[in-house]
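K.L.:
Make a model of this:
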Amino acid sequence: MEPIHRRRDFLQRAGALLLSGTLLGGCAARRPAAPGPAAPAAGGTPAAPAAPPAGQPVPALRAGARITIVAPASAIAGAADEAAEWLLERGYEPQVMPAARARLAPPFDYLAGDDAARLADLHAAFADPAVGAVWCLQGGFGSWRVLDQIDYGLLRRHAKPFIGYSDVTALHLAIQRYAGFVTFHGPMLAQDLLAGRQAPTEQALLDMVSGRLGAGSWIAAPPQARLATLASGVATGRLIGGNLALLAALTGTRYAIDARDGILFFEDVNEALPRVDRMLAQLRRAGAFDGVRGVLVGSFTRLLGVPGDGEAAQAALYPLVREHFQARGIPVLAGWPSGHGDPNLTLPLGARVTLDAGRGALRLEQPVAV
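P.N.:
Alright, predicted model coming up:
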């Protein structure tokens, strides 16, 4: 393991990959999706499994539990051992899966191991009854490559907290639809927690996955958040969404978002306003927003072409959001600090929540970890 005082060097290396999406536009994979080496054999797209009941709570993470570190997308050299050290310091038992220490040679160097290896790690982490949570090392590119090969029945039988965001949005959507349990859109080990995100990033996650927050609990943004109520009102539904570029990329697939009767959440990084407009229009015209009950807009960090990266830069996005949702007459709350910003609050995707746009908060309507 690398000592703690060397984390600055690691974070500089990690930033090089995470910010490489700038010219590509966001964190969705805009590189050609050519089959990687040793990809699982494909004989056409497998039949979709039957959809289970949605929003099932997961077993709560206990103190001292084993936490398995997976890299379903990208990985930076040294990141997994840094993450294991971070977990050890907090009293957990870390387990690093092999692909989290790997990185393919060019042109597939955006992947942490080949598809078969990353898939095997995910299956093994869920199948092991000794594992208390499955935590993604980082995002990047490539989670969507394994969706068709996942054994969703295995995941459903061994449900446990699954934590990540960004490119991991693809897995959140697939798990909620075909495994049926709540997943956690929350900070990842490499790009958030090792980077020292502001409070309450860490505590908000632990409160959520440990079961300290239950039905009736309010999730409030910290005082430094600059929330914007774009349309007032109160709405209840299942919380669904994630990274906007991934939501758009999965349109037309069996993993596409369906926000009907739900509270839609989206966020992104390194995007230009015209691209945000195009992605929202794509989703709207595909029917993804039909029947949506409320909208929660997360962090939009480093908006390309917009000076600065603070409240004023975020606000440049809001006219687009109003245009796409105002005719629906639903509550819309923007500036919520979840996603690529700092802090990064955890959200229970798939759970039934109430959005109170005027109050600027969410209320859990069900347990998410028990």
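K.L.:
Can you check the pLDDT for the residue nearest the centre of the chain?
P.N.:
Centroid-nearest residue in the chain, with Cα atoms, centre = their mean: residue 165, separated by 1.9 Å. With respect to pLDDT, residue 165 scores 99.
K.L.:
again with the one 10 residues further on
P.N.:
According to the prediction, residue 175 has pLDDT 98.
K.L.:
What strand or helix carries it?
P.N.:
Assigned by DSSP states H and E, residue 175 belongs to helix 169-178.
K.L.:
after that helix, next one along is what?
P.N.:
Per DSSP H and E, the helix or strand that comes after helix 169-178 is strand 183-185.
K.L.:
Please identify the buried residues of that next one?
P.N.:
Using 16 or more other Cβ atoms under 10 Å as the test for burial, strand 183-185 gives 183, 184, 185. Using the backbone N, CA and C atoms, a C-beta is placed for each residue, glycine as well.
K.L.:
Dump stretch 261-269 to CSV, restricted to CA.
P.N.:
Extracted in CSV, the C-alpha atoms of stretch 261-269 (Å, rounded to 0.1, in the frame of the first residue of the first chain):
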residue,chain,number,x,y,z
ASP,A,261,-44.4,8.2,-11.6
GLY,A,262,-40.8,9.0,-10.4
ILE,A,263,-38.6,11.8,-9.2
LEU,A,264,-36.0,12.3,-11.9
PHE,A,265,-32.4,13.2,-10.9
PHE,A,266,-29.6,14.1,-13.2
GLU,A,267,-26.1,15.6,-13.1
ASP,A,268,-23.0,15.9,-15.2
VAL,A,269,-19.5,17.3,-15.7
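K.L.:
model confidence over that stretch, on average?
P.N.:
98.
K.L.:
Which helix or strand in the protein has the lowest average pLDDT?
P.N.:
helix 21-24 (a mean of 31; mean pLDDT, DSSP states H and E).
K.L.:
Now find how far off-centre whichever helix or strand comes after it is within its chain.
P.N.:
Following helix 21-24 in sequence order, the next helix or strand is strand 66-70 (DSSP H and E). Mean-position distance between strand 66-70 and its chain equals 16 Å (Cα atoms, centre = their mean, to the nearest Å).
K.L.:
for stretch 109-125, same thing?
P.N.:
In terms of Cα atoms, centre = their mean, the centre of stretch 109-125 is set 18 Å apart from its chain centre.
K.L.:
tell me which residues of that stretch are tucked away?
P.N.:
110-125.
K.L.:
Equivalent analysis for stretch 232-239, please.
P.N.:
233, 235, 236, 237, 238, 239.
K.L.:
Convert the C-alpha atoms of it to CSV, please.
P.N.:
Only the C-alpha atoms of stretch 232-239 are listed here, as CSV (Å, rounded to 0.1, in the frame of the first residue of the first chain):
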residue,chain,number,x,y,z
SER,A,232,-42.3,25.0,-6.4
GLY,A,233,-44.4,22.0,-5.2
VAL,A,234,-44.3,18.6,-3.5
ALA,A,235,-44.2,15.3,-5.3
THR,A,236,-43.7,11.7,-4.3
GLY,A,237,-42.2,8.9,-6.4
ARG,A,238,-39.3,6.6,-6.9
LEU,A,239,-36.0,8.4,-7.3
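K.L.:
what does it contact?
P.N.:
Defining contact as Cβ atoms under 8 Å, 6 or more residues apart in numbering, one finds that stretch 232-239 is touched by 54-55, 261-263, 265, 292-294, 296, 330-331, 347-358, 362, 365.
K.L.:
Which of those residues are buried? Put it as a ChimeraX command.
P.N.:
Of those, the buried ones can be selected in ChimeraX as follows, counting by 16+ other Cβ under 10 Å:
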select :54,55,262,263,265,292,293,294,296,330,331,347,348,349,350,351,352,353,354,355,356,357,362,365
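K.L.:
Mark which of the contacts of stretch 232-239 are part of strands, please.
P.N.:
Among the contacts of stretch 232-239, the ones falling in strands (DSSP state E) are 262-263, 265, 294, 296, 347-349, 352-356, 362.
K.L.:
for this protein, which strand is longest?
P.N.:
The chain, longest strand under DSSP E: strand 234-243.
K.L.:
Return the angle between stretch directions for that one and helix 169-178.
P.N.:
If you take axes from the mean of the first three to the mean of the last three Cα atoms, to 10 degrees, strand 234-243 sits at 130 degrees to helix 169-178.
K.L.:
Quick check: mean pLDDT of strand 234-243?
P.N.:
Strand 234-243 comes out at a mean pLDDT of 99.
K.L.:
Could you do stretch 110-118 as well?
P.N.:
Stretch 110-118 comes out at a mean pLDDT of 98.
K.L.:
Tell me the span between the first and last residue of it.
P.N.:
13 Å (Cα to Cα, to the nearest Å).
K.L.:
so what's the closest residue to residue 370 other than its chain neighbours up against?
P.N.:
Nearest residue to residue 370, sequence neighbours excluded (Cβ to Cβ, 6 or more residues apart in numbering): residue 57, at 4.9 Å. Contact analysis of residue 57 by Cβ under 8 Å, 6+ apart lists 181, 182, 351, 366, 367, 368, 369, 370.
K.L.:
ok, how many other residues are close to the last one?
P.N.:
Think residue 370. 11 (other Cβ atoms under 10 Å).
K.L.:
what about it, distance to residue 62?
P.N.:
Look at residue 370 and residue 62: by Cβ to Cβ, to the nearest Å, they are 12 Å apart.
K.L.:
Distance to residue 103 and pLDDT added to the buried residues of strand 183-185, as a markdown table?
P.N.:
As requested, those are exported to a markdown table (distance: Cβ to Cβ, whole Å; pLDDT from 0 to 100):
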| residue | distance to residue 103 | pLDDT |
| --- | --- | --- |
| 183 | 25 | 99 |
| 184 | 26 | 99 |
| 185 | 25 | 99 |
